[in-house]
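Enquirer: Here is my input, please return the structure:
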Amino acid sequence: MKIFVVEDERQLCDDIAEDLELERYTVERCYDGLEAWERILVESYDLVILDLNLPGMDGLDILRAVRREKPEQRVLILSARSTLADRVAGLDLGADDYLTKPFALEELEARVRALLRRDFASRDTALVVGPLTLDTQRREISAEGLPLSLTRKEFGILEYLMLRAGQAVSQEELLEHIWEADSNPFSHAVRMHISSLRKKLRTALGYDPIVTKIGQGYRLEVRT
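Expert: Predicted coordinates:
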């Protein structure tokens, strides 16, 4: 899952990003409102964490523009504007959640998990595809009931393939959702991490569940 943190307090922004990266999310950060809006327009994010008091472009203006141009984009407002009127305004403009400062990182993590779980068909905290189980709350994956140790990028790839099990996922789509915006689209990074992931899955399952479809990308096909 790819998260975009927009916060002009650089230390706070960096702290949030580093905390979420420890939770195995791919995180980009931005300290300016106008730059953030330009990146939201061209990049694909599973969640935007948005401050309101931003230089360049106010957070509420960004939210209005997001709802006009990318209505499906999930947005969590993170702001020191804590009055009831502020919260109501943010939610009425289309924010998916509103968290006021100061806040605990543990609560932010919980709200992020809740918003991202909307990709699942149920509110269960587990995503199960055959012998693979992903705990969306603990950010852990097991194969045949045994823990599977993965790097952050491997975790992100497998999570994305599990969310789209049976569907072909292109290398470009993986780059958009799991790598940072400035990643080189012509690098071999995706193939290298897919290769490493395949080896671990083959060891855990006895076969390789990732099928390469020429011209289409990768598809997760597990045996039941």
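Enquirer: going forward, measure contacts and count neighbours with C-alpha atoms only.
Expert: Noted.
Enquirer: Lowest-scoring secondary structure element of this structure by mean pLDDT?
Expert: helix 171-178 (a mean of 82; mean pLDDT, DSSP states H and E).
Enquirer: Pull the distance from that one to the chain's centre.
Expert: Here helix 171-178 is found 11 Å from its chain centre; the criterion is C-alpha atoms, centre = their mean, to the nearest Å.
Enquirer: Need the contact partners of it.
Expert: 1-2, 26, 43-46, 153, 156-157, 160, 183, 185, 190, 217-218 (C-alpha atoms under 8 Å, 6 or more residues apart in numbering).
Enquirer: how does it look with 6 Å?
Expert: 2, 26, 217 (C-alpha atoms under 6 Å, 6 or more residues apart in numbering).
Enquirer: Now stretch 6-26: buried residues?
Expert: 6-8, 13-14, 16-21, 24-26 (16 or more other C-alpha atoms under 10 Å).
Enquirer: related to what we said a few turns ago, Throw the contacts of helix 171-178 into a markdown table and include pLDDT, secondary structure and distance to I141, thanks.
Expert: Shown next, in a markdown table, are those (pLDDT from 0 to 100; DSSP: H, G, I helix; E, B strand; the rest coil; distance: C-alpha to C-alpha, whole Å):
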| residue | pLDDT | secondary structure | distance to I141 |
| --- | --- | --- | --- |
| K2 | 89 | strand | 18 |
| T26 | 88 | strand | 17 |
| G217 | 90 | strand | 23 |
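Enquirer: Make TSV out of those and add distance to L54.
Expert: Formatted as TSV, the entries for the contacts of helix 171-178 read as follows, by distance: C-alpha to C-alpha, whole Å:
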residue	distance to L54
K2	22
T26	23
G217	39
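Enquirer: ok, now how distant is the spatially closest residue to E69 that is not a sequence neighbour from G166?
Expert: Nearest non-adjacent residue to E69, counting by C-alpha to C-alpha, 6 or more residues apart in numbering: L41, 7.9 Å away. When distance is defined by C-alpha to C-alpha, to the nearest Å, L41 is 29 Å away from G166.
Enquirer: Please identify which of the two sits among more neighbours.
Expert: The neighbour count for L41 versus G166, taken as other C-alpha atoms under 10 Å, is higher for G166 (16 against 13).
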